[in-house]
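Visitor: Got a predicted model here, sequence first, then my questions.
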Number of protein chains: 2
Amino acid sequence: MLAEHRQTMSQAECIHKLSGVHDALYVLSGKWKLPIVIALHEGPKRFGELQRAIGDITPKLLSKELKELEMNEFVKRQVYTSTPVLIEYELTDYGSSLDGIIQELCAWGIQHRARIQSR
Amino acid sequence: MLAEHRQTMSQAECIHKLSGVHDALYVLSGKWKLPIVIALHEGPKRFGELQRAIGDITPKLLSKELKELEMNEFVKRQVYTSTPVLIEYELTDYGSSLDGIIQELCAWGIQHRARIQSR
DNA sequence: GATAGTAGTATCCCAAAGGATACCGGTATC
DNA sequence: GATACCGGTATCCTTTGGGATACTACTATC
């Protein structure tokens, strides 16, 4: 293979990766989206439970992030019309498709912290 | 296993994941860090080459992000004392350890785009 | 000697992200 | 009837991330 072709191929691959990563980061933007998804991984949670599980998130932000997660079909808002009304947020199957990303980030982050601390 | 214990375990797991993901996202913060790492994946690049490869990044931002990537040992700044001086940025082995994360983000991003467009 | 490229730095500015605080209507409890 | 929880909303304010633009010192080329 000619150098010229290799160059073209790796450039194409680079652009391909750039766009994929960009799209993924776009829907995961914001400080709290992944924390919310991780917290919901344990099971459905109510608004207040989520707030306590994550810690330090204000209701305004939690509400906003949940709406965006709902729009992207990562999270389902379940309303149980009992009295009083019970509202639960639960991870959808599509939300669970983020597991690979979360696993990689988590594993890398943990080894990185260990690496930093051992210096 | 008692429900109580399951709950405790999954909470611990949740906190564990939260901290790992947090640490990873912390060093990858900023709009251009992953794009730079991806661009350098093809091979070493000079400042101007990087700027052109990424597109739309201003020299100020590129300089800042490169410094942070260098501090985290993702990127090595090579100075060749020829005349004129040649400066190249190259990915370190540790920088390559981000490949798993990039792969996951890229693959997920691409399937997500396909999913969106097919609706 | 003008022009262009290389590798950045300096300054200014703006929009967006996010935090603090207060509030709302409803229900249940004391 | 006061208080407290639930599920949020509204308003204000600060921070910071990042873009635009200009500039520098050096070298090479026309």
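Guide: Great, that's in hand.

Visitor: So which bits of chain A are right by chain B?
Guide: A:7, A:10-11, A:13-14, A:16-25, A:27, A:34-35, A:38-39, A:41-43, A:53-54, A:97-98, A:100-110, A:112-113 (C-beta under 8 Å from any C-beta of the partner chain). Glycine gets a C-beta too; all of them are placed from N, C-alpha and C.

Visitor: any low-confidence regions in chain A?
Guide: A:1-9 (pLDDT under 70).

Visitor: Recalculate using a threshold of 50.
Guide: A:3-4 (pLDDT under 50).

Visitor: All the strands of it, in order from the start?
Guide: Taking DSSP state E, the strands of chain A run over residues A:75-80, A:86-91.

Visitor: Longest helix of chain A, counting residues only.
Guide: Scanning chain A for the longest helix, with DSSP state H as the assignment, gives helix A:3-27.

Visitor: which residues sit against that helix?
Guide: A:33, A:72, A:101, B:34-35, B:38-39, B:41-43, B:53, B:102, B:105-110, B:112-113 (C-beta atoms under 8 Å, 6 or more residues apart in numbering or on different chains).

Visitor: Nearest residue to the residue nearest the centre of chain A in space, please, no chain neighbours.
Guide: Geometric centre of chain A, nearest residue: residue A:34, 3.2 Å, by C-alpha atoms, centre = their mean. Once flanking residues are discounted, residue A:34 sits nearest to residue B:21: 5.5 Å by C-beta to C-beta, 6 or more residues apart in numbering or on different chains.

Visitor: hmm, back to that, which PyMOL command selects the buried ones in the contacts of helix A:3-27?
Guide: Selection of the buried residues among those in PyMOL, burial being defined by 16 or more other C-beta atoms under 10 Å in any protein chain shown:
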select buried, (chain A and resi 33+72+101) or (chain B and resi 34+35+38+39+41+42+53+102+105+106+107+108+109+110+112+113)
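
Visitor: In helices, which of the contacts of helix A:3-27 fall?
Guide: A:33, A:101, B:34-35, B:38-39, B:41, B:53, B:102, B:105-110, B:112-113.
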